[in-house]
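**Student:** my questions concern the predicted model and sequence given below.
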Amino acid sequence: MAELRPFSRQHVRRSLIVAGGLWAALLGACGARSGVEVLDLGPSAAGARANPPEPSRPAGGSSAQGGAPSVAGAPTQGGAPSLGGAPAQGGASPGPRCEAVTVAIDELRPAVTLVVDQSLSMRTRYPTDQSPASRWSVVGGALFDPVNGVVKSFESSVRFGIAFFTSRGSMCPILNQVPARTRNYAALNSLYQGLRPYGDTPTGDALQQIVSELQMTPSQAPRSIVLVTDGNPDTCAQPNPDEGQPEAVAAAQRAYDSGIDLYVLGISNDIAGQNLQQLANAGKGRPIDSVWGVDADAAQPYQASSNVQGLTAQLGEILNRIPLCEVRLQRDIALGEASTAQVLLDGQPLSYSAANGYILKDARRLEIVGSGCEAIKAGGRQLSVRISCD
């Protein structure tokens, strides 16, 4: 076997001279250059690139570095989050985020929670002390009459829920409830038939708990509360005297701020007209002290009729004010985006039209109108909305 010998300094020097000569010959053969071009094969350890990055493109199918989708709020190159509307790396602003919603029509139907006073005073004869009916029975008839009651009449187009509220000593508020869904007449009527009025009127405490529960279940559909009460509010902390108006107003304002409209109907003259007006204003986001019929921005309070038929008509008027054909969106939508959206009702396209189709009601709501809305009310099954998704 040949003996291996270490390189001498002369060997190393001779090798470097030969390598340098070969490198010079190679450059000469390829033509003179001012420098050597470096091909970009991806980011270096420091993250720098020699070639410019691709311009940022809209999220929802667009590509960020390396071809990965750039989602609003997800990290982009360098690890910094790209917040909705903030420029991505390179200074280019991303386009609008894809808004895609597909809902069963039953989920699109408005949810109405009937919040009904179950306090002891609801046993009082109504409209006079000599009347055969009580406040409780008049409300029950208007809601649950099997032929003309509003729940039976609207149960296919409205998701009804109910919460009867009262208190008993330290148990406050007490809520007897059925969650909202369509065709809910039997469940709501059964609960009503099994209850009797007792206790106090913790209106604000009850509303706060109901709003908190509704906030835990996000909805694409409009949501409303119809408050039916016969007396001035008290509180769990102070059942008597009835000095819970500030807490009730604050709860109504919170409902409105949470995207839940609140309507109020007083059954009896025991609830002060001013208190009824303030609750109505708070529930619609209006100035608290404005007065219906005097101030243009006042909300309408309802004072119950003296009979079942009249109260049924008043409740029907309230329900007819609640939109039946709206879908809530997850972000603000511009008119240009809405007019080019893809909207399908049971697979059939709807056009952007104020007559028959859909319109942008405001930045967060599309409204299906005309024959489209009638199709929804008649038993449509699914609505699909895609905005800026191409």
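**Tutor:** It's in.

**Student:** what's the neighbour count on the spatially closest residue to residue 389 that is not a sequence neighbour?
**Tutor:** Spatial nearest neighbour of residue 389, chain neighbours left out: residue 98 (4.0 Å); criterion: C-beta to C-beta, 6 or more residues apart in numbering. Every C-beta, even on glycine, is put in place using the N, C-alpha and C of the backbone. Applying other C-beta atoms under 10 Å, we find 17 residues neighbouring residue 98.

**Student:** from what I can see residue 98 touches residue 388, true?
**Tutor:** Yes: counting by C-beta atoms under 8 Å, residue 388 is a contact partner of residue 98 at 5.6 Å.

**Student:** what packs against the helix or strand containing residue 137?
**Tutor:** Assigned by DSSP states H and E, residue 137 falls within helix 135-144. In terms of contacts (3 or more C-beta pairs under 8 Å, 6 or more residues apart in numbering; DSSP states H and E), helix 135-144 is packed against strand 111-117, helix 150-154, helix 185-193, helix 308-321.

**Student:** now do the SS call for the nearest residue to residue 177 once chain neighbours are set aside.
**Tutor:** Among residues not flanking residue 177 along the chain, residue 163 sits closest, at 4.5 Å (C-beta to C-beta, 6+ apart). The local conformation at residue 163, judged by DSSP: H, G, I helix; E, B strand; the rest coil, is strand.

**Student:** what's across from residue 163 in the sheet?
**Tutor:** residue 115, residue 177 (DSSP bridges).

**Student:** count of neighbours near it?
**Tutor:** The burial count for residue 163: 23, using other C-beta under 10 Å.

**Student:** how close does it sit to residue 173?
**Tutor:** Using C-beta to C-beta, to the nearest Å, residue 163 is found at 9 Å from residue 173.

**Student:** low-confidence stretches in the stretch 201-350 of the chain?
**Tutor:** Within the stretch 201-350 of the chain, no range satisfies pLDDT under 70.

**Student:** tell me which stretches of it form helices.
**Tutor:** 203-215, 245-257, 273-283, 308-321, 335-339 (DSSP state H, counting those that start in this stretch).

**Student:** if we can go back for a sec, so the residue nearest to residue 389 versus residue 356, what's the distance?
**Tutor:** 26 Å.

**Student:** which residues are in contact with both of residue 163 and residue 173?
**Tutor:** residue 206 (C-beta atoms under 8 Å, 6 or more residues apart in numbering).

**Student:** and the strands in the stretch 251-390 of the chain, which stretches?
**Tutor:** 260-266, 302-303, 326-328, 342-345, 348-350, 357-362, 365-369, 382-387 (DSSP state E, counting those that start in this stretch).

**Student:** deepest of the ones you listed, which one?
**Tutor:** Highest mean neighbour count among these (mean count of other C-beta atoms under 10 Å): strand 260-266, with a mean of 25.

**Student:** that one pairs with which strands?
**Tutor:** For strand 260-266, pairing defined by DSSP bridges yields strand 223-229 (parallel), strand 302-303 (parallel).

**Student:** take those and write them to a markdown table, including distance to residue 379.
**Tutor:** Below are these laid out as a markdown table (distance: least, C-beta to C-beta, whole Å):
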| stretch | distance to residue 379 |
| --- | --- |
| strand 223-229 | 22 |
| strand 302-303 | 31 |
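
**Student:** one step back: out of the strands of the stretch 251-390 of the chain, nearest to residue 247?
**Tutor:** strand 260-266 (14.3 Å; C-beta to C-beta).

**Student:** need the residues that contact the closest one.
**Tutor:** Counting by C-beta under 8 Å, 6+ apart, 207, 211, 214, 222-230, 252, 255-256, 276, 279-280, 282-284, 301-304, 311, 314-315, 318, 321-322 sit against strand 260-266.
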